[in-house]
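Asks: Quick one, what's the 3D model for this:
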Amino acid sequence: MNFLDSMDPYFRQLLIASFTVIVLGVLSAIVSKKVLIGPVVTFILTILYNAWYYKHNYPQHELDFEGLSGGSLIFSGISFLISWALIELFRKNKKAG
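Replies: Numbering: from 1, shown residues only. So this is what the prediction gives:
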């Protein structure tokens, strides 16, 4: 945890976590070959990360899920678009080849 604690929290949340949850969501969609799996996995991972983030950085406060929907929905939307584009691309390549 020392490595994560040494990082700036905004950098960690906006760049590292967002990239990681989107990539994991897209990979799960590609592996399952179902577009909707990507946004669902991204949404769940984003909520789990935010729960950890608030408990780790603000242990004196209770966990509040009011502020989670914005980023969770945006990341899920991005994951849906990328998953859809890649799965369609793979389907077209499979039909052509």
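Asks: what about the longest helix in this structure?
Replies: helix 69-96 (DSSP state H).
Asks: buried sites along that one?
Replies: Residues of helix 69-96 classed as buried by neighbour count (16 or more other Cβ atoms under 10 Å): 71-72, 75-76, 78-80, 82-84, 86-87. Bear in mind the C-beta positions are built from the backbone N, C-alpha and C, glycine included.
Asks: mind showing which ranges of the protein have poor pLDDT?
Replies: By pLDDT under 70, the low-scoring segments of the chain are 1, 4-5, 65-69, 97.
Asks: Spatially central, which residue of it would that be?
Replies: By Cα atoms, centre = their mean, the mean C-alpha position of the chain lies nearest to Val21, the distance being 2.5 Å.
Asks: Quick check: the nearest residue to it once chain neighbours are set aside vs Pro9, distance?
Replies: Counting by Cβ to Cβ, 6 or more residues apart in numbering, Val21 lies nearest to Leu45, which is 4.2 Å off, once chain neighbours are set aside. In this view, Leu45 and Pro9 are 18 Å apart by Cβ to Cβ, to the nearest Å.
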